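Asker: the following comprises the amino acid sequence and a computationally predicted model.
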Amino acid sequence: MTTPQKGAVAPSNGLPPLVGPDDRFFWDGVNAGSLLLQRCAECHELRHPPGPMCPYCGSLRWETQPSSGRGVVYSWVIPRHPLPPGFQDPYIVVLVQLEEGVRLVSHLVGVRPDEVRNDLPVEVSFEPIADGIQLHRFRPRQAGSV
Amino acid sequence: MSKRTIANRTVIAGIGQTEFSKQSGRSELQLALEAVRAALEDAGLTPADVDGLVTYTLDSSNELELARLLGIRELRYFTRSPYGGAATCAVLLHAAMGVATGIANTVVFYRAFNERSGQRFGRPQPITDHQSYLRSVAGGGSRWWSWYLPYGLATPAMWSSLQFQRYMHVYCLTNADFGRYSVVARQHAATNPCAWFYGQPITLEDHQASRWVVEPVLRLLDCCQESDAGVAVVVTTPERARDLRQPPVRIVAAAQGALQRTDMVSNYYHPDISRWPEMELVGRTLWEQSGLGPADIDTAMLYDHFSPIVFLHLEALGFCQPGEAKDFIAGGNIGLHGRLPVNTHGGLLGEAYVHGLNHITEGVRQLRGTAANQLQKVDHVLVTAGMSGAILGRS
């Protein structure tokens, strides 16, 4: 785990996810400290965001695959105005490209806003935002981390 | 010509609008009624001539109530199109289809809202329960916003920016590049008396001094307005329009377009999100229907909810190559005297935000020769929005 730097974005911003039948497995995984990707049980293609049918082969059978949690910042923004209730300026929203090939929206923490860049190597971390509720977030990947 | 085409089968016979304001002081239903009445008056028709109504799924005015209050006697065709700006030319397409197939003779499409004094789209979306959330986005939002709201990605400006930032990265743009569009839009609005920003041009310095909305993509002056307004358009057959009050404007082509990975305002899952394949599809369909190409377009009304989307429009529709919109715009090509004048009324930034219907009315005015910033030679106007587009032509 990275040591937060001076001026770095604090991981305090966040709201509980809206959990439905098609994505409960994902948030259960996050609460258990695992980033689970949905994988077709027949053609084995990954998909995210999850859904009940495989867009590649049409199968309704699916399973999960733990992600390595490693990826790169594909794109990023810093929302400034108007901020949603409960969010404090600044926070960094990233679209992460995981090394498995799928993308997901998350936060980048542990860096200053002026340190964000596209293609920055990142790794997942899990941080509580409320009692019993965690969100996945990403931190810069340390040199040598596997 | 194949019989299975929408091309040149219908015309726009009338356009109408309320004033563009920030506080209309009256109901959304009244704005819709006023706009429809104004469009019929413009055409020289009465409500009794109307047998079709089309609007956005997001519109709050019930079409049956509209028909009752207007005095429409027999309604044979009523339908709605989903998503905000994506519906702009879709409602035109659906109106044209109703008329071209003989289902209806005269169809009015409309959009009216108090988007500034009432519910503002630019405010963060609330987290609700899962069922309410699914219902709320089914006809006008993204199935996937629930994945973004926990991270405070909660407005159209934020969702869009996460895509635009990749475009900036790939093609080396800064926010000042986007500002060059805002300056043009406000310049056009400055000489359009109907525009909210009439008489208020801006400089690039003004743009760069405006506050960040989403860093490093959008400043305040990159964002469309929030407006209270109503706009309506009358579509009928060329035969019916022949002896009406206005010169008819041909609907040369009209199209919708979405792809397997398409999302609304948060298109994050295409292999390359610095391109806009939905608009490439819309463009291909329009060129196929019409037999025209980019060189035949005299002026374009491009949906400009946020300035970067104009860049993606220009590239997706073939007016320039990917990554070249920056130089195309900086080179003066989208001004009133440029190769492709864009948003001659001032666009959603300068004139008003009416979910793009004011782009269609401006296209009609340019073809009639009655625009505030009238261009000299206008035979074909391109109008596009999120997942739809149309080509309008002089009769």
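Answerer: Nice, thanks for sending it over. These numbers were taken from a predicted model, which means no experiment stands behind them.
Asker: residue B:364 and residue B:234 touch, don't they?
Answerer: No - using C-beta atoms under 8 Å, residue B:364 makes no contact with residue B:234, being 10.1 Å away. For every residue, glycine as well, the C-beta is placed using N, CA and C.
Asker: what about these two, which has more around it?
Answerer: residue B:234 (29 against 23; other C-beta atoms under 10 Å in any protein chain shown).
Asker: next one: the residue nearest the centre of chain A from residue B:369, what distance?
Answerer: Centroid-nearest residue in chain A: residue A:106, 4.1 Å away (criterion: C-alpha atoms, centre = their mean). According to C-beta to C-beta, to the nearest Å, residue A:106 stands 53 Å off from residue B:369.
Asker: over to residue B:342?
Answerer: Residue B:342 is 19 Å from residue B:369, where distance means C-beta to C-beta.
Asker: which one's more surrounded, those two?
Answerer: Set residue B:342 next to residue B:369 and count neighbours by other C-beta under 10 Å: residue B:342 wins out with 26 against 12.
Asker: grab the nearest non-local neighbour of the more buried one.
Answerer: Closest residue in space to residue B:342, ignoring its immediate chain neighbours: residue B:334 at 3.9 Å, by C-beta to C-beta, 6 or more residues apart in numbering or on different chains.
Asker: check contacts around the one you found.
Answerer: B:181, B:184, B:310, B:314, B:328, B:340-343 (C-beta atoms under 8 Å, 6 or more residues apart in numbering or on different chains).
Asker: what's the end-to-end length of stretch B:113-126?
Answerer: Start-to-end span of stretch B:113-126 (C-alpha to C-alpha, to the nearest Å) is 20 Å.
Asker: show me which residues of it are buried.
Answerer: For stretch B:113-126, a neighbour-count test (16 or more other C-beta atoms under 10 Å in any protein chain shown) marks B:113-117, B:121-122, B:124-125 as buried.
Asker: anything in it near chain A?
Answerer: Yes - using C-beta under 8 Å from any C-beta of the partner chain, stretch B:113-126 reaches chain A at B:122-125.
Asker: as a markdown table, those with pLDDT and secondary structure would be great.
Answerer: Formatted as a markdown table, the residues of stretch B:113-126 next to chain A follow (pLDDT from 0 to 100; DSSP: H, G, I helix; E, B strand; the rest coil):
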| residue | pLDDT | secondary structure |
| --- | --- | --- |
| B:122 | 87 | coil |
| B:123 | 87 | coil |
| B:124 | 86 | coil |
| B:125 | 78 | coil |
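Asker: tell me the one of the residues you listed nearest chain A?
Answerer: residue B:124 (3.7 Å; C-beta to the nearest C-beta).
Asker: contacts only, for that closest one.
Answerer: Counting by C-beta under 8 Å, 6+ apart, residue B:124 touches A:82-85, B:152, B:154-155.
Asker: among those, name the buried ones.
Answerer: By neighbour count, with 16+ other C-beta under 10 Å, these hold A:82-84, B:152, B:154-155 as buried.
Asker: what pLDDT does the nearest residue to residue A:118 once chain neighbours are set aside get?
Answerer: Once flanking residues are discounted, residue A:118 sits nearest to residue B:169: 4.5 Å by C-beta to C-beta, 6+ apart. Note on residue B:169: pLDDT of 98.
Asker: in whichever strand or helix holds residue B:169, which residues are buried?
Answerer: Assessed by DSSP states H and E, residue B:169 sits inside helix B:156-171. Judged by neighbour count using 16+ other C-beta under 10 Å, the buried positions of helix B:156-171 are B:156-171.
Asker: sorry, back to before: so can I have a markdown table of the buried residues of stretch B:113-126 showing distance to residue B:256?
Answerer: Listed next are these as a markdown table, based on distance: C-beta to C-beta, whole Å:
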| residue | distance to residue B:256 |
| --- | --- |
| B:113 | 22 |
| B:114 | 27 |
| B:115 | 23 |
| B:116 | 28 |
| B:117 | 31 |
| B:121 | 21 |
| B:122 | 25 |
| B:124 | 29 |
| B:125 | 25 |
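Asker: just to revisit the earlier point, what's the spacing between the helix holding residue B:169 and its chain's center?
Answerer: Distance, stretch centre to chain centre, for helix B:156-171: 20 Å (C-alpha atoms, centre = their mean, to the nearest Å).
Asker: got it, and stretch B:203-212?
Answerer: 25 Å.
Asker: and that stretch, what's buried?
Answerer: B:206-207, B:210, B:212.
Asker: relative to chain A, which of those residues is nearest.
Answerer: Nearest to chain A among the buried residues of stretch B:203-212, with distances taken as C-beta to the nearest C-beta, is residue B:212, at 4.2 Å.
Asker: now do the SS call for residue B:206.
Answerer: helix (DSSP: H, G, I helix; E, B strand; the rest coil).
Asker: correct me, but it touches residue B:220?
Answerer: No - if you go by C-beta under 8 Å, residue B:206 and residue B:220 don't touch, sitting 10.1 Å apart.
Asker: now do the strands in the stretch 251-395 of chain B.
Answerer: Taking DSSP state E, counting those that start in this stretch to define them, one finds strands in the stretch 251-395 of chain B at B:299-302, B:380-385, B:388-394.
Asker: of the ones you listed, which is nearest residue B:257?
Answerer: strand B:388-394 (7.1 Å; C-beta to C-beta).
Asker: just send the contacts of residue B:124 back as a markdown table, with distance to residue A:76 and secondary structure too.
Answerer: Putting those into a markdown table (distance: C-beta to C-beta, whole Å; DSSP: H, G, I helix; E, B strand; the rest coil) gives the following:
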| residue | distance to residue A:76 | secondary structure |
| --- | --- | --- |
| A:82 | 19 | coil |
| A:83 | 17 | coil |
| A:84 | 18 | coil |
| A:85 | 23 | coil |
| B:152 | 13 | coil |
| B:154 | 16 | coil |
| B:155 | 16 | coil |
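Asker: and those, which two are furthest apart?
Answerer: The span of the contacts of residue B:124, defined through C-beta to C-beta, is set by A:85 and B:155 at 12.7 Å.
Asker: tell me, what's the model's pLDDT at the residue lying farthest from the centre of chain B?
Answerer: In chain B, the greatest distance from the average C-alpha position (C-alpha atoms, centre = their mean) is reached by residue B:129, at 31.2 Å. At residue B:129, the model reports a pLDDT of 79.
Asker: now swap in residue A:10 and tell me
Answerer: So residue A:10 comes in at 48 (pLDDT).
Asker: so how many other residues sit close to residue 48?
Answerer: Picked chain A for this. Neighbours of residue A:48 (other C-beta under 10 Å): 21.
Asker: actually it's chain B I care about, not the one you picked
Answerer: Residue B:48 has 13 neighbouring residues, counting by other C-beta under 10 Å.
Asker: quick one: contacts for it?
Answerer: Residues in contact with residue B:48, defined by C-beta under 8 Å, 6+ apart, are B:71-73.
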